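[1] Quick check, what structure comes out for this input:
(one chain, ligands or ions: 2)
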Amino acid sequence: MEIVAARSLQFPTFVSSERLGAKHGGSLKLCPGIREKRLQVFVSANWQSGKPLQSRRTRTPLKLACSCNNSPVSTLEVGGFQVSSDEELIIKNNSQDFEKHLNGRCIYLVGMMGSGKTTVGKILSEVLKYDFYDCDDLIEEEVGGASVADIFKHRGEGFFRDKETGVLKKLSVMNRLVIATGGGAVIRPINWKYMHKGVSIWLDVPVEALAHRITAVGTDSRPLLHNETGDAYTQTLRRLSSLLDERFEAYANAKARVSLENIAAKLGDRDVLDLSPITIAIEAMMQVMSFLKSRGGHYADASR
Ligand SMILES: Nc1ncnc2c1ncn2[C@@H]1O[C@H](COP(=O)(O)OP(=O)(O)O)[C@@H](O)[C@H]1O
Ligand SMILES: O=C(O)C1=C[C@@H](OP(=O)(O)O)[C@@H](O)[C@H](O)C1
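    Ligands and ions are numbered 1, 2, ... in the order given. Predicted structure coming up:
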């Protein structure tokens, strides 16, 4: 819907803030509504409070939102991502149930590097009003602020894995947390003993999509992806593929699985790379609820 609208709109190349009325510290609504059949389109731009424009030709990103038949545009943002009206409805209708079924249990996100554990985890923590923790950050704190890459380089992978187990042990006695684990946390069986205190979700993302995302941000912070030859994408793809072969069964220990290929197929053969973190978080919420409902109270009693 947004694409259709964007294609059909004609923006003036430059707009004047005086004429359109910039609001300090708020967003600027260029038009109250532009009608195209029954589609209402709102365009807004973020304006920096109180700052005079440096030049007449200032670039500012535009936000486009659409509504159909005058139903309200979703203004909800979760984890920094804009939520569509459909998604807003799903989140609103299910978040209480989600929280109730979890009953304070922690969520552990597992999956390969770049699978979105941090991104999706932050969204789930906002929906649940849980705190969010990233295991890599906690390990870095324990080691006096050294980066994961430096820990691997100077202390070795074994040292890092011991710290990872220690962090998971500490987290396992806590409640109401969403935890993004490191991609390799699944390889030690003892870590599963800790993660099974809560509910684990495997973000199952095709390696090509992982390599695409990771190449976009670089591999500096991910030491296990170094030492390959070829261009950045090919190196990353090759290393991720062999890691996934080694770890596939370990990821499958998770209580809920969120397959991006399945979501894309359900949405009518969408490209996996086009799935937004919100869409993926919603699927995660549904998979967790379905797991917890299938276990009834039994899982709760056995796991706490
Ligand atoms: N659904 C998504 N669509 C596009 N990019 C994503 C998506 N999820 C995550 N990313 C991007 O991929 C990269 C890795 O995501 P991140 O959440 O850090 O993964 P992980 O914690 O599993 O290593 C980040 O740059 C993030 O912005
Ligand atoms: O897959 C792995 O073994 C690792 C994944 C990394 O975390 P992310 O999955 O958050 O990148 C980090 O823990 C470390 O580089 C090892």
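
[2] do stretch 125-138 and ligand 1 meet?
    No - Stretch 125-138 is not in contact with ligand 1 by CB under 6 Å from any ligand atom; minimum separation 7.2 Å. All C-beta atoms are positioned from the backbone trio N, CA, C, and that covers glycine.

[3] tell me how far that stretch is from the chain's mean position?
    Distance of stretch 125-138 from its chain centroid, counting by CA atoms, centre = their mean, to the nearest Å, is 11 Å.

[4] Check what contacts that stretch and list those residues.
    78-79, 91, 95, 98-99, 102, 106-107, 118, 121-122, 124, 148, 164, 167-168, 171, 176-182, 185, 281, 285 (CB atoms under 8 Å, 6 or more residues apart in numbering).

[5] Can you turn the buried subset of those into a selection I can paste into ChimeraX?
    Filtering those down to the buried ones (16 or more other CB atoms under 10 Å) takes a single ChimeraX command:
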select :78,79,91,95,98,102,106,107,118,121,122,124,148,164,167,168,171,176,177,178,179,180,181,182,185,281,285
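
[6] Among the contacts of stretch 125-138, which ones lie close to ligand 1?
    Applying CB under 6 Å from any ligand atom to the contacts of stretch 125-138, those adjacent to ligand 1 are 118, 180.

[7] the strands in the chain, which residues?
    27-29, 34-36, 39-46, 62-68, 77-78, 81-82, 107-110, 131-134, 177-180, 199-204, 256-259 (DSSP state E).

[8] what's the fifth one packed up against?
    When contacts are defined as 3 or more CB pairs under 8 Å, 6 or more residues apart in numbering; DSSP states H and E, strand 77-78 sits against helix 117-128.

[9] tell me which parts of the stretch 101-250 of the chain are close to ligand 2?
    So the stretch 101-250 of the chain meets ligand 2 at 113, 117, 136, 148, 182, 183, 184, 222, 223, 224 (CB under 6 Å from any ligand atom).

[10] could you redo the last one with a cut-off of 8 Å?
    By CB under 8 Å from any ligand atom, the residues of the stretch 101-250 of the chain that approach ligand 2 are 111-115, 117-118, 134-136, 139, 148-149, 152, 157, 160, 164, 180-185, 187, 221-224, 243, 247.

[11] Now do the closest residue to residue 142 other than its chain neighbours against ligand 1, distance only.
    In space, and not counting its chain neighbours, residue 142 is closest to residue 163: 5.8 Å by CB to CB, 6 or more residues apart in numbering. Separation of residue 163 from ligand 1 (CB to the nearest ligand atom, to the nearest Å) stands at 17 Å.

[12] which ones are touching residue 163?
    By CB under 8 Å, 6+ apart, the neighbours of residue 163 are 139, 142, 143, 151.

[13] in stretch 192-210, what's buried?
    192, 194-207, 209-210.

[14] can you check stretch 267-280 too?
    Neighbour count says stretch 267-280 has 272, 275, 277, 278, 279, 280 buried, by 16+ other CB under 10 Å.

[15] neighbours of residue 129, just the number please.
    9 (other CB atoms under 10 Å).

[16] what number of residues lie near residue 250?
    18.

[17] gap between the closest residue to residue 76 other than its chain neighbours and residue 190?
    Closest residue to residue 76 apart from its sequence neighbours, by CB to CB, 6+ apart: residue 83 at 4.3 Å. Distance of residue 83 to residue 190, computed by CB to CB, to the nearest Å: 38 Å.

[18] Residue 226 now?
    Relative to residue 190, and taking CB to CB, residue 226 is found at 27 Å.

[19] For these two, indicate the residue with more neighbours.
    Taking neighbours as other CB under 10 Å, residue 226 and residue 190 compare with residue 226 leading, 13 against 10.

[20] and stretch 171-189, C-alpha only, in CSV?
    Taking C-alpha atoms only, stretch 171-189 is exported to CSV below (Å, rounded to 0.1, in the frame of the first residue of the first chain):
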residue,chain,number,x,y,z
LEU,A,171,20.3,-15.1,34.4
SER,A,172,18.6,-18.5,35.0
VAL,A,173,17.5,-17.5,38.5
MET,A,174,15.9,-14.3,37.3
ASN,A,175,12.4,-13.5,36.0
ARG,A,176,10.8,-11.1,33.5
LEU,A,177,13.8,-10.8,31.1
VAL,A,178,14.2,-11.1,27.4
ILE,A,179,17.7,-12.4,26.7
ALA,A,180,19.6,-12.3,23.4
THR,A,181,22.2,-15.1,23.6
GLY,A,182,25.3,-15.3,21.5
GLY,A,183,25.0,-17.5,18.4
GLY,A,184,27.2,-20.2,20.0
ALA,A,185,25.5,-20.5,23.3
VAL,A,186,23.5,-23.5,22.1
ILE,A,187,26.6,-25.8,21.8
ARG,A,188,27.1,-26.5,25.4
PRO,A,189,24.4,-28.8,26.9
